[in-house]
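A.B. asks: Next come a sequence and a model predicted from it.
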Amino acid sequence: MIGLHPEGAKKPIMRAYSIASPSWDEKLDFYSIKVQDGPLTSHLQKIKEGDEVILAKKSVGTLVLDALLPGKRLYMFSTGTGIAPFASLIRDPDTYERYEQVILTHTCRQKAELSYGLNLVKGLKEDPLVGEMVDGKLLHITSLTREEYPLKGRITTLLESGQLFENAGVPKMNPQEDRVMICGSMDMINDTKAIVETFGLTEGSNSKPAEFVVEKAFVG
Ligand code: A2P
């Protein structure tokens, strides 16, 4: 949770955010949309160096590798700012040590929204920790729903049609090889989860690791 205590406000305004920087990093990155009259982001977008931001002591979340069984491929399905937790995980060596292939999908309405992820992935090759690990292992698939683009459609559509697997050059999703993490809006999470379940994958937790997890703390 991060928040601010705007001047004159009775109490702080707190919201659940995913930490977008890797677990080993000394600084914390957050990725957010800006809502002009949003209770928090209308203030957050104006903060300057030296301003105070409130950060909850304990971080919570369900998108953790320990809640997944070992497997061959790890899918990370994201829409909009739901890419934030994956921005962290794709910079974590543990991700590449556990899986042979990592497929990050990012679906947005418009092209400009893809920039954050595209720049991040581009910069990974120079990353001192994972630079050599990502080569040939990380596949970044982007699609748009409201503008012309080489790959068009929601992640749910691409999964149902099988176009995602064709594009990635991988077999159809199956519980023997594939592990999945999902982050986006509540509707996206629920719809994507329902499709992943039709492939035979079951939801895991820290106490009972299985084949997929969804973000429960964060709504993008
Ligand atoms: P669409 O443009 O067809 O609504 P949002 O900003 O609303 O969270 O949307 C981000 C992206 O997620 C958009 O590309 C949007 O597609 C897509 N999306 C919205 N709802 C769902 C859903 N229930 N399942 C899959 N994708 C979704």
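C.D. replies: Nice, thanks for sending it over. All values derive from a computational prediction rather than experimental measurement.
A.B. asks: for the chain, which helix is longest?
C.D. replies: helix 186-198 (DSSP state H).
A.B. asks: Does the ligand have contacts with the next helix-or-strand element following that helix?
C.D. replies: Using DSSP states H and E, the helix or strand that follows helix 186-198 in sequence is strand 212-214. No - Strand 212-214 is not in contact with the ligand by CB under 6 Å from any ligand atom; minimum separation 12.3 Å. Where you see a C-beta, it was placed from the backbone N, CA and C, and this is true even at glycine.
A.B. asks: quick one, helices of the chain?
C.D. replies: So, for the chain - with DSSP H - the helices run 41-44, 84-89, 93-98, 115-124, 131-134, 155-161, 163-168, 186-198.
A.B. asks: Check the spacing between the residue nearest the centre of the chain and Ala20 real quick.
C.D. replies: Nearest residue to the geometric centre of the chain (CA atoms, centre = their mean): Ile83, 3.2 Å. For Ile83, the distance to Ala20 equals 8 Å [CB to CB, to the nearest Å].
A.B. asks: Overlap of the contact sets of these two?
C.D. replies: Tyr31 (CB atoms under 8 Å, 6 or more residues apart in numbering).
A.B. asks: and the nearest residue to Ser143 once chain neighbours are set aside, how many neighbours?
C.D. replies: Nearest residue to Ser143, sequence neighbours excluded (CB to CB, 6 or more residues apart in numbering): Leu151, at 4.2 Å. Using other CB atoms under 10 Å, Leu151 has 14 neighbouring residues.
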